[in-house]
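1. Okay, here's the prediction I keep looking at, along with the sequence it came from:
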Number of protein chains: 2
Amino acid sequence: MKDNISINIKIDNSGQMPLYLQIARQLSVLIKKGDIKPGEKLPPIRKLARNLGVNPITVVNAYKTLEEEGYVYSRIGSGTFAVNHYGYGKSGDIQKFSLPLLEETDHSEFSLMDQGQIQIKPGTINFASATPSPELFPVNEFKEVLNEVLERDKGFAFSYQESQGFYPLRESIANFVELYNINTTPEEIQIISGAQQGIDIISKVLINPGDYIFIESPSYTGAISAFNSRGARLVEIPIKPDGIDLDFLENSLNKQRPKFIYLMPCFQNPTGYLYSETTRKGILDLAERYNFLIIEDDHLSDLNFSNKRVLPLKSSDRNHRVVYIKSFSKIFMPGLRLAFLISPVQIFNDILTAKHSSDISTSGLLQRAFDLYLRKGIFPAHIETTRRIYKQRYDTMLSSLKKFLPGDISMNPPSGGLNFWLRLPEGYISNNLYIECLKKDILFVPGSFFFPSQKPSPYFRLSFAAVNNREILQGVEVLSRVIRVFLKEYAGIKAPSPTYIPFL
Amino acid sequence: MKDNISINIKIDNSGQMPLYLQIARQLSVLIKKGDIKPGEKLPPIRKLARNLGVNPITVVNAYKTLEEEGYVYSRIGSGTFAVNHYGYGKSGDIQKFSLPLLEETDHSEFSLMDQGQIQIKPGTINFASATPSPELFPVNEFKEVLNEVLERDKGFAFSYQESQGFYPLRESIANFVELYNINTTPEEIQIISGAQQGIDIISKVLINPGDYIFIESPSYTGAISAFNSRGARLVEIPIKPDGIDLDFLENSLNKQRPKFIYLMPCFQNPTGYLYSETTRKGILDLAERYNFLIIEDDHLSDLNFSNKRVLPLKSSDRNHRVVYIKSFSKIFMPGLRLAFLISPVQIFNDILTAKHSSDISTSGLLQRAFDLYLRKGIFPAHIETTRRIYKQRYDTMLSSLKKFLPGDISMNPPSGGLNFWLRLPEGYISNNLYIECLKKDILFVPGSFFFPSQKPSPYFRLSFAAVNNREILQGVEVLSRVIRVFLKEYAGIKAPSPTYIPFL
């Protein structure tokens, strides 16, 4: 017998539109019209698939699309339900799966694993997101500077801004980076719409199809995808707790010459590793001898929890080898979409051209407001507050992990940043653990996401950016229990990792 | 004898930094320190070059850099002077040459033509800029919605936004485009950081090196540069007053198959031409028969000064062939860096991925504010006000051109938009006229900029976006006088066009 909902869905097999989208569209209309009531359960996947005469995976894709669009949510073992209200992303709303993971390219394929639909709902402990929570943002201060700028500059705040960036902001930033022992001028600074754009622009300037690009292994997926988009050939250089493996690197350099190497020397993502002085000297020396550029992505150097000073690699860049990309997403507000790049002069004009053809310029209003914020001199205090809050979370996380985690899980605790990088014993794959944890409302990022091949990995990343102390304590305890059971149940299953269903 | 300034400049010939940048840097320091006083004249180009032992073009480049950075301005026949104050871009400040021209990729090479340095100073009549003037922006209304959003959403306004864009804004836009007879849903809409980003994203999705891309000839330089950056092979299809030349297009289609054709059917840039119904039907039909996509860039359809309704091509797109990119830069505020794209489903997921790897997402604060602005329902009234103001300028421009312009200058007056496209008699080149006009403080864009080859052209573009009625009257009169003299003096000079010195 047909259910009420499938009666209302018409399938067009002409190939004009993918089947899953046809289904998702029509379901979203039913939800919007109220034919499917808020909270109402949608038909089970197999049943709807049978009634519509389509493959179950098509329905999975349709439900997944609806979930991404905020129309439905799902509970393992219970099914898929229309949300109560959708759209505004206020706390209390259903959080979309993609939201906390935005900074990684895309994790949505995981939600299709094992026919599993996943639940991201209030109550889930989110160790996946390395994005700070909105309650840490200095909203009132920023509101003030926004209004001051609008009073001061009026329509000019909404004119085109120079592609290189608002000159006074570049001045403020040149002053600001003295904190990092970086000596620069406004002329060397390029304002960008977030660090991802910096990576994209560098890729446009430096990568031609077939060029070799070296990356740390594991590395940031957003960078990997930008490099791939330009047709780069990626060479992975393993990273160790004191930084990139220099011997491996030099061997690779003797085989291939990269256009550049992409590094996160301060609390690397995902490992949290900090480059030692020796590694820093080594990499700068190799860059000189083998003539390549270093792209330094710095989004975490400010979150240093040790007593030793941590500086970007750029501060030691005597030979103009380092392109420095600085993001404020972790220490200020990710939604501002504002970052900057300091580049050696030899490629500066190309960077400016690439910026122009990417989006002409970054919002002048936000540049002017951030300039004023910097000029008020309150940013260092905000960074210190942020650092202290994260330091607390870090301490809680570290002590909980030490207390609860089974002894056969290994880690090298970082001395800063927002991530712990853990490793399952030989033969276990974190993708499987991920699924088990989801059932207990614990979310983390499996290691496979940080490798270009997405190869199954025993590693996984726990972030403490979006969880409070209570959640950390509770989450680590539950996680540790799940792991103990997992290690028993999956013993000997050197299982083929779940099949990936590419979705996005 | 050495002048005081050159004594203070040290030239390093090691090749670490281009000479012109060394000079510009040191001069900027002297200006900032006050060693060169505000308003003080800088040494003449040849003199400084001789004293420093460099080529005069190096000094020209240095001065040009300083001018772009807002440190100096220059007056033809008088020299180069330190500005009185720099940076904030308020009215009364020296306007940088690059500013009014931002929407075209780069015109700065012109300032180096003929050793000429150009003057952009208050008093110049700017027919070059197609960017609306800040006094037309609804700053107060936008300030209100910004504050409302910050009250309502607090920190969430600064969180990462979904890559596809804030869902409620996509809803608002789906409603808004009903005005254009476009029938869509929030699911088909991608929010982008300005139309240029839309063009860049489409290029990432669709262009592989060596692919053929068809463009109107002439066309928008920002698009040309984005296509070139992906290694496209551009095929130019001439445009006529009723739209692209369909016969020429079909001939070209029989030789090469393009990934897409990039069109501006409503008041094309730079020509102002409006596609007729016949051309629209023809192009949609060819897209179907030859299986290619159409990228429609619509930034001017709202500025229709005739009584006939003007709709985007997308409104007739029955077969999902048109990717529609809509910019608000001309009818709202260019500095907002907010636009949207409506795409056929077959490439939607790729667009989303490309958006993510470009800049993750567009500023959530600005998206939320613009959503609220749209929901207040005041946008159509603002568009109408803007349209009326430009209609006045258009009328003034048209009557002035008819009154003053020598009869041998030909034009097809547009029925909307912001540009007039004029043509010198056979054998004359607008680059030369450009230089003559600069001497009289009249600025326009020579036609060569709108062709991929930058070939010398008899055409030139006059925009009335950034000039008031008084300036139009005065500007057209002066321009016409310059043209009369120019036509005599350059008669018979089928001159080789001035050499281009690539700068950016």
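-> Perfect, thanks for sending it.

2. Tell me how chain A divides into domains.
-> As assigned by automatic domain parsing, chain A contains the domains A:4-94, A:139-380.

3. Flag every residue of the stretch 201-350 of chain A that's near chain B.
-> Applying Cβ under 8 Å from any Cβ of the partner chain, one finds that the stretch 201-350 of chain A approaches chain B through A:204, A:209, A:222, A:225-226, A:229, A:231, A:320, A:329, A:333-337, A:345, A:349. To be clear about C-beta, it is placed using only N, CA and C from the backbone, and glycine gets the same treatment.

4. from those residues, which single one is nearest residue B:180?
-> Taking Cβ to Cβ as the measure, residue B:180 lies nearest residue A:337 of those, at 27.9 Å.

5. Now for that closest one, how many residues are close by?
-> Residue A:337 is flanked by 30 other residues according to other Cβ atoms under 10 Å in any protein chain shown.

6. For residue A:390, list the residues it contacts.
-> Taking Cβ atoms under 8 Å, 6 or more residues apart in numbering or on different chains, we find residue A:390 in contact with A:303, A:305, A:418, A:464, A:465.

7. mind showing which ranges of the stretch 1-150 of chain A have poor pLDDT?
-> Residues of the stretch 1-150 of chain A meeting the criterion pLDDT under 70: A:1-2, A:15-16, A:68-70, A:74-78, A:84-121.

8. can you map out the strands along it?
-> Listed in chain order, the strands of the stretch 1-150 of chain A (DSSP state E, counting those that start in this stretch) span A:72-75, A:79-82, A:125-126.

9. As a markdown table, those with distance to chain B and mean neighbour count would be great.
-> Shown next, in a markdown table, are these (distance: least, Cβ to the nearest Cβ, whole Å; neighbours: other Cβ atoms under 10 Å in any protein chain shown):
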| stretch | distance to chain B | mean neighbour count |
| --- | --- | --- |
| strand A:72-75 | 14 | 23 |
| strand A:79-82 | 15 | 20 |
| strand A:125-126 | 13 | 22 |
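
10. So, low pLDDT: which residues of chain A?
-> Along chain A, segments meeting pLDDT under 70 span A:1-2, A:15-16, A:68-70, A:74-78, A:84-121, A:492-504.

11. before we move on, the earlier item: I'd like the strands of the stretch 1-150 of chain A as JSON lines, with distance to residue A:393 appended.
-> Shown next, in JSON lines, are these (distance: least, Cβ to Cβ, whole Å):
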{"stretch": "strand A:72-75", "distance to residue A:393": "27"}
{"stretch": "strand A:79-82", "distance to residue A:393": "32"}
{"stretch": "strand A:125-126", "distance to residue A:393": "13"}
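
12. How far off centre is the longest strand anywhere in chain A?
-> Using DSSP state E to define each element, chain A has its longest strand at strand A:233-240. Distance, stretch centre to chain centre, for strand A:233-240: 19 Å (Cα atoms, centre = their mean, to the nearest Å).

13. which parts of the longest helix belonging to chain A are buried?
-> Taking DSSP state H as the criterion, chain A has its longest helix at helix A:379-404. Across helix A:379-404, burial judged by 16 or more other Cβ atoms under 10 Å in any protein chain shown covers A:379, A:382-383, A:386-387, A:389-390, A:393-394, A:396-398, A:400-401, A:404.

14. wait, which of those residues is closest to residue B:266?
-> Of all the buried residues of helix A:379-404, residue B:266 sits closest to residue A:379, with 44.8 Å by Cβ to Cβ.

15. right, and the closest one touches residue A:371 too?
-> No: Residue A:379 is not in contact with residue A:371 according to Cβ atoms under 8 Å; the separation is 11.1 Å.

16. got the CA coordinates for the longest strand of chain A in CSV?
-> Extracted C-alpha coordinates of strand A:233-240, given in CSV (Å, rounded to 0.1, in the frame of the first residue of the first chain):
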residue,chain,number,x,y,z
ARG,A,233,49.8,17.1,-8.2
LEU,A,234,50.0,16.8,-4.4
VAL,A,235,53.0,15.3,-2.7
GLU,A,236,52.3,14.5,1.0
ILE,A,237,55.2,15.0,3.5
PRO,A,238,54.5,13.3,6.9
ILE,A,239,54.4,15.6,9.9
LYS,A,240,55.9,14.6,13.2
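
17. neighbouring contacts of it?
-> Outside strand A:233-240, the residues that touch it by Cβ under 8 Å, 6+ apart are A:210-219, A:224, A:227-228, A:244-245, A:248-249, A:252, A:256, A:258, A:261, A:268, A:271, A:273, A:451-452.

18. now these: which count as buried?
-> Here, 16+ other Cβ under 10 Å leaves A:211-219, A:224, A:227-228, A:244-245, A:248-249, A:252, A:258, A:261, A:268, A:271, A:273, A:451-452 buried among those.

19. Among the residues you listed, name the ones in helices.
-> Reading helices off those with DSSP H, I get A:224, A:227, A:228, A:248, A:249, A:252.

20. any idea how far residue A:65 is from chain B?
-> As judged by Cβ to the nearest Cβ, to the nearest Å, residue A:65 and chain B stand 8 Å apart.

21. For that residue, which non-adjacent residue is spatially closest?
-> Leaving aside its sequence neighbours, residue A:65 sits nearest to residue A:24 (Cβ to Cβ, 6 or more residues apart in numbering or on different chains; 4.1 Å).

22. give me every residue that touches the one you found.
-> A:61, A:62, A:63, A:65, A:66, A:69, B:187.

23. repeat that for 10 Å
-> Residues near residue A:24 by Cβ atoms under 10 Å, 6 or more residues apart in numbering or on different chains: A:18, A:58-59, A:61-69, A:71-72, B:187.

24. Please report the distance of residue A:232 from residue B:398.
-> To residue B:398, residue A:232 is 52 Å away according to Cβ to Cβ, to the nearest Å.

25. my bad, should have said residue A:154
-> Taking Cβ to Cβ, one finds residue A:154 at 31 Å from residue B:398.

26. again, but for residue A:411
-> For residue A:411, the distance to residue B:398 - Cβ to Cβ - is 73 Å.

27. same question, residue A:56
-> Separation of residue A:56 from residue B:398 (Cβ to Cβ): 64 Å.

28. Quick check: residue A:3 vs residue B:141, distance?
-> 48 Å.

29. For burial, what's the neighbour tally of the closest residue in space to residue A:344 that isn't next to it in sequence?
-> Spatially, and ignoring its direct neighbours in sequence, residue A:344 is nearest to residue A:320 (3.8 Å; Cβ to Cβ, 6+ apart). Neighbour count of residue A:320, defined by other Cβ under 10 Å: 15.

30. Now the phi/psi pair for residue A:320, please.
-> phi 60, psi 50 (degrees, to the nearest 10).
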